[in-house]
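Trainee: kindly return the folded structure for what I paste below:
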Amino acid sequence: MRICYSNIGIVLIHGFGGDTKDVLPLTNKLSMLGYQVETPLLTGHTGKKDDMKKANYKDWISDVENAYVRLKEKCDEIILIGFSMGGLLSLQVASKFKVKGIITLNTPIYIGSIINALKLIINDIIHFKFHNIKKMYRTVMRLPIKAYWNFKCLLKETKRILPSINCDILVNQAINDEVVKSKSAYFLHEQIPSKNKKVMFYNNSNHLILHSEIAEEVMIDLVKYIECFKS
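Mentor: A predicted model of the protein is given here:
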(Lines give C-alpha, C1' and ligand atoms only; values in the text may rest on other atoms or scores of the structure.)
Protein backbone atom coordinates (compact mmCIF):
# COMPACT_ATOMS: atom_id res chain seq x y z
CA MET A 1 0.00 0.00 0.00
CA ARG A 2 1.36 3.40 -0.99
CA ILE A 3 1.10 5.98 1.78
CA CYS A 4 1.52 9.67 0.94
CA TYR A 5 3.40 11.70 3.51
CA SER A 6 2.45 15.03 1.97
CA ASN A 7 3.73 16.96 4.96
CA ILE A 8 7.33 15.84 4.34
CA GLY A 9 9.35 16.57 1.22
CA ILE A 10 12.89 15.37 0.61
CA VAL A 11 15.62 16.99 -1.47
CA LEU A 12 18.15 14.31 -2.41
CA ILE A 13 21.49 15.60 -3.70
CA HIS A 14 24.15 13.68 -5.61
CA GLY A 15 27.90 14.04 -5.33
CA PHE A 16 30.75 15.84 -7.06
CA GLY A 17 31.37 14.61 -10.59
CA GLY A 18 28.45 12.20 -10.37
CA ASP A 19 24.79 12.47 -11.21
CA THR A 20 21.38 11.46 -9.87
CA LYS A 21 22.26 7.78 -10.28
CA ASP A 22 24.47 8.21 -7.19
CA VAL A 23 21.30 8.36 -5.09
CA LEU A 24 18.83 6.50 -7.33
CA PRO A 25 18.26 3.50 -5.01
CA LEU A 26 17.23 5.85 -2.19
CA THR A 27 15.17 8.01 -4.56
CA ASN A 28 13.21 4.96 -5.64
CA LYS A 29 12.71 3.69 -2.10
CA LEU A 30 11.46 7.01 -0.74
CA SER A 31 9.16 7.55 -3.72
CA MET A 32 7.66 4.09 -3.25
CA LEU A 33 6.96 4.97 0.37
CA GLY A 34 4.99 8.02 -0.76
CA TYR A 35 7.46 10.80 -0.01
CA GLN A 36 7.74 13.65 -2.48
CA VAL A 37 11.36 13.72 -3.62
CA GLU A 38 13.38 16.28 -5.61
CA THR A 39 16.68 15.06 -7.05
CA PRO A 40 18.27 18.00 -8.87
CA LEU A 41 21.02 17.38 -11.42
CA LEU A 42 23.74 19.83 -10.45
CA THR A 43 24.88 22.32 -13.06
CA GLY A 44 27.64 20.97 -15.30
CA HIS A 45 27.17 17.37 -14.17
CA THR A 46 26.25 16.07 -17.62
CA GLY A 47 29.33 13.89 -18.05
CA LYS A 48 30.80 16.42 -20.51
CA LYS A 49 33.99 18.18 -19.47
CA ASP A 50 33.06 21.42 -21.27
CA ASP A 51 29.78 21.65 -19.33
CA MET A 52 31.60 21.31 -16.04
CA LYS A 53 34.02 24.07 -17.04
CA LYS A 54 31.08 26.49 -17.18
CA ALA A 55 29.80 25.64 -13.71
CA ASN A 56 30.81 26.95 -10.30
CA TYR A 57 29.94 26.03 -6.72
CA LYS A 58 27.43 28.88 -6.40
CA ASP A 59 25.49 27.30 -9.27
CA TRP A 60 25.37 24.04 -7.31
CA ILE A 61 24.06 25.81 -4.20
CA SER A 62 21.39 27.54 -6.33
CA ASP A 63 20.36 24.20 -7.83
CA VAL A 64 19.57 22.83 -4.37
CA GLU A 65 17.92 26.06 -3.23
CA ASN A 66 15.62 25.96 -6.26
CA ALA A 67 14.73 22.32 -5.53
CA TYR A 68 13.93 23.31 -1.94
CA VAL A 69 11.65 26.15 -3.08
CA ARG A 70 9.79 23.89 -5.54
CA LEU A 71 9.22 21.26 -2.87
CA LYS A 72 8.22 23.76 -0.18
CA GLU A 73 5.24 24.74 -2.33
CA LYS A 74 3.90 21.19 -1.88
CA CYS A 75 5.16 20.10 1.54
CA ASP A 76 5.09 21.49 5.06
CA GLU A 77 8.50 20.18 6.10
CA ILE A 78 11.71 19.62 4.14
CA ILE A 79 14.48 17.15 4.83
CA LEU A 80 17.77 17.49 2.95
CA ILE A 81 19.80 14.37 2.15
CA GLY A 82 23.21 14.86 0.59
CA PHE A 83 25.60 12.23 -0.68
CA SER A 84 29.29 13.21 -0.66
CA MET A 85 29.52 16.83 -1.87
CA GLY A 86 25.73 16.85 -1.78
CA GLY A 87 26.05 16.89 2.00
CA LEU A 88 28.02 20.14 1.82
CA LEU A 89 25.29 21.62 -0.36
CA SER A 90 22.59 20.51 2.07
CA LEU A 91 24.42 22.30 4.86
CA GLN A 92 24.67 25.44 2.75
CA VAL A 93 20.92 25.47 2.11
CA ALA A 94 20.09 24.67 5.74
CA SER A 95 22.04 27.75 6.81
CA LYS A 96 19.66 29.95 4.77
CA PHE A 97 16.29 28.15 4.79
CA LYS A 98 14.17 26.42 7.40
CA VAL A 99 14.59 22.66 7.17
CA LYS A 100 13.34 19.90 9.45
CA GLY A 101 16.49 17.83 9.25
CA ILE A 102 19.67 16.97 7.35
CA ILE A 103 21.15 13.60 6.49
CA THR A 104 24.68 13.41 5.12
CA LEU A 105 26.20 10.35 3.47
CA ASN A 106 30.00 10.15 3.19
CA THR A 107 30.31 13.93 3.18
CA PRO A 108 33.89 15.20 2.89
CA ILE A 109 35.77 17.43 5.26
CA TYR A 110 39.02 15.49 5.07
CA ILE A 111 39.69 14.08 1.64
CA GLY A 112 41.26 10.87 0.49
CA SER A 113 42.31 7.65 2.07
CA ILE A 114 45.16 6.37 -0.08
CA ILE A 115 45.21 3.05 1.76
CA ASN A 116 41.54 2.36 1.02
CA ALA A 117 41.97 3.42 -2.61
CA LEU A 118 44.90 1.02 -2.95
CA LYS A 119 42.79 -1.78 -1.45
CA LEU A 120 40.18 -1.26 -4.17
CA ILE A 121 42.85 -1.25 -6.87
CA ILE A 122 44.45 -4.43 -5.50
CA ASN A 123 41.02 -6.09 -5.29
CA ASP A 124 40.42 -5.21 -8.94
CA ILE A 125 43.76 -6.74 -9.95
CA ILE A 126 43.18 -9.91 -7.93
CA HIS A 127 39.74 -10.49 -9.45
CA PHE A 128 40.61 -9.20 -12.95
CA LYS A 129 37.58 -6.85 -12.92
CA PHE A 130 39.20 -3.37 -13.00
CA HIS A 131 35.86 -1.69 -12.18
CA ASN A 132 37.28 0.61 -9.51
CA ILE A 133 40.39 1.44 -11.52
CA LYS A 134 38.27 2.45 -14.52
CA LYS A 135 35.95 4.51 -12.33
CA MET A 136 38.82 6.40 -10.70
CA TYR A 137 40.40 7.06 -14.09
CA ARG A 138 37.15 8.31 -15.63
CA THR A 139 36.46 10.58 -12.67
CA VAL A 140 39.89 12.20 -12.80
CA MET A 141 39.99 12.57 -16.59
CA ARG A 142 36.51 13.97 -17.17
CA LEU A 143 36.69 16.75 -14.57
CA PRO A 144 38.52 20.01 -15.33
CA ILE A 145 40.87 21.61 -12.83
CA LYS A 146 38.34 24.42 -12.37
CA ALA A 147 35.83 21.90 -11.00
CA TYR A 148 38.24 20.77 -8.29
CA TRP A 149 38.91 24.42 -7.42
CA ASN A 150 35.17 25.04 -7.08
CA PHE A 151 34.82 21.98 -4.88
CA LYS A 152 37.61 23.29 -2.65
CA CYS A 153 35.87 26.69 -2.42
CA LEU A 154 32.60 25.03 -1.46
CA LEU A 155 34.31 22.95 1.21
CA LYS A 156 36.02 26.00 2.69
CA GLU A 157 32.80 28.03 2.68
CA THR A 158 30.79 25.20 4.23
CA LYS A 159 33.24 24.71 7.08
CA ARG A 160 32.80 28.40 7.85
CA ILE A 161 28.99 28.23 8.13
CA LEU A 162 28.74 25.03 10.20
CA PRO A 163 28.13 26.97 13.47
CA SER A 164 24.93 28.40 11.94
CA ILE A 165 23.30 24.96 11.51
CA ASN A 166 20.67 24.29 14.20
CA CYS A 167 18.35 21.67 12.71
CA ASP A 168 18.46 17.95 13.48
CA ILE A 169 21.24 16.14 11.65
CA LEU A 170 22.25 12.54 11.02
CA VAL A 171 25.81 12.03 9.79
CA ASN A 172 26.50 8.70 8.05
CA GLN A 173 29.98 7.54 7.13
CA ALA A 174 31.49 4.40 5.62
CA ILE A 175 34.61 3.49 7.56
CA ASN A 176 36.35 2.11 4.46
CA ASP A 177 35.49 5.06 2.23
CA GLU A 178 38.32 5.50 -0.28
CA VAL A 179 37.39 9.14 -0.98
CA VAL A 180 36.42 10.62 2.39
CA LYS A 181 38.31 10.09 5.63
CA SER A 182 36.02 8.84 8.37
CA LYS A 183 37.16 11.59 10.75
CA SER A 184 35.09 13.94 8.57
CA ALA A 185 32.01 12.62 10.37
CA TYR A 186 33.47 13.48 13.77
CA PHE A 187 34.30 16.98 12.57
CA LEU A 188 30.73 17.60 11.39
CA HIS A 189 29.31 16.29 14.64
CA GLU A 190 31.59 18.45 16.73
CA GLN A 191 31.28 21.68 14.74
CA ILE A 192 27.51 21.70 14.16
CA PRO A 193 25.77 23.00 17.32
CA SER A 194 22.41 21.27 16.76
CA LYS A 195 20.82 19.81 19.89
CA ASN A 196 19.73 16.64 18.11
CA LYS A 197 22.63 15.17 16.17
CA LYS A 198 23.88 11.67 15.59
CA VAL A 199 26.72 9.87 13.80
CA MET A 200 26.44 6.39 12.31
CA PHE A 201 29.39 4.42 10.90
CA TYR A 202 29.15 1.50 8.49
CA ASN A 203 31.51 -1.32 7.56
CA ASN A 204 31.61 -3.16 4.22
CA SER A 205 31.08 -0.13 2.01
CA ASN A 206 33.16 2.09 -0.21
CA HIS A 207 32.32 5.70 -1.10
CA LEU A 208 29.24 4.84 -3.19
CA ILE A 209 27.37 3.67 -0.13
CA LEU A 210 23.94 3.54 -1.79
CA HIS A 211 25.34 1.08 -4.36
CA SER A 212 27.31 -1.02 -1.88
CA GLU A 213 26.52 -4.41 -0.39
CA ILE A 214 25.06 -2.68 2.67
CA ALA A 215 22.90 -0.24 0.71
CA GLU A 216 19.63 -1.81 1.89
CA GLU A 217 20.75 -1.69 5.53
CA VAL A 218 21.67 1.98 5.19
CA MET A 219 18.39 2.88 3.50
CA ILE A 220 16.36 1.11 6.20
CA ASP A 221 18.19 3.20 8.82
CA LEU A 222 17.52 6.39 6.86
CA VAL A 223 13.83 5.65 6.46
CA LYS A 224 13.52 5.00 10.21
CA TYR A 225 15.17 8.35 10.89
CA ILE A 226 12.89 10.19 8.44
CA GLU A 227 9.78 8.58 9.88
CA CYS A 228 10.58 10.18 13.22
CA PHE A 229 9.61 13.51 11.65
CA LYS A 230 6.11 12.43 10.60
CA SER A 231 3.39 14.57 12.15
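Trainee: buried ones in stretch 180-187?
Mentor: Neighbour counts over stretch 180-187 (16 or more other Cβ atoms under 10 Å) mark V180, K181, S182, S184, A185, Y186, F187 as buried. The way it works is simple: take the backbone N, C-alpha and C, and place the C-beta from them, glycine included.
Trainee: which ones among the residues you listed are found in helices?
Mentor: Using DSSP state H, the members of those that fall in helices are S184, A185, Y186, F187.
Trainee: and which of those residues is nearest to L170?
Mentor: A185 (10.4 Å; Cβ to Cβ).
Trainee: thought the closest one was touching V199?
Mentor: Yes - counting by Cβ atoms under 8 Å, A185 sits close enough to V199 to count as a contact (5.1 Å).
Trainee: shared neighbours of these two, anything?
Mentor: Shared contacts of A185 and V199, defined by Cβ atoms under 8 Å, 6 or more residues apart in numbering, comprise V171, N172, Q173.
Trainee: and those, which of them are buried?
Mentor: Judged by 16+ other Cβ under 10 Å, buried ones among the shared contacts of A185 and V199: V171, N172, Q173.
Trainee: save those residues as TSV, and put in secondary structure, distance to Y110 and pLDDT too.
Mentor: As requested, the buried ones among the shared contacts of A185 and V199 are arranged in TSV below (DSSP: H, G, I helix; E, B strand; the rest coil; distance: Cβ to Cβ, whole Å; pLDDT from 0 to 100):
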residue	secondary structure	distance to Y110	pLDDT
V171	strand	13	98
N172	strand	16	98
Q173	strand	11	98
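Trainee: which one of these is nearest D221?
Mentor: N172 (7.7 Å).
Trainee: any idea how far the closest one lies from K72?
Mentor: 24 Å (Cβ to Cβ, to the nearest Å).
Trainee: again with Q191
Mentor: With Cβ to Cβ as the criterion, Q191 and K72 are 27 Å apart.
Trainee: more neighbours, those two?
Mentor: K72 (16 against 12; other Cβ atoms under 10 Å).
Trainee: what's opposite the closest residue to that one other than its chain neighbours in the beta bridge?
Mentor: In this structure, K72 finds its nearest non-sequential neighbour in I78, 6.0 Å apart by Cβ to Cβ, 6 or more residues apart in numbering. Using DSSP bridges, the bridge partners assigned to I78 are G9.
Trainee: who does D168 form a beta bridge with?
Mentor: With DSSP bridges as the rule, D168 is bridged to G101.
Trainee: so what's the residue count around L210?
Mentor: Neighbours of L210 under the rule other Cβ under 10 Å: 24.
Trainee: grab the nearest non-local neighbour of it.
Mentor: P25 (4.9 Å).
Trainee: count of residues packed around the one you found?
Mentor: 17.
Trainee: what about it, distance to M52?
Mentor: Taken as Cβ to Cβ, the span from P25 to M52 is 25 Å.
Trainee: again with Y225
Mentor: 32 Å.
Trainee: the more surrounded of the two?
Mentor: Neighbour totals were compared for Y225 and M52, and M52 leads with 21 against 18 (other Cβ under 10 Å).
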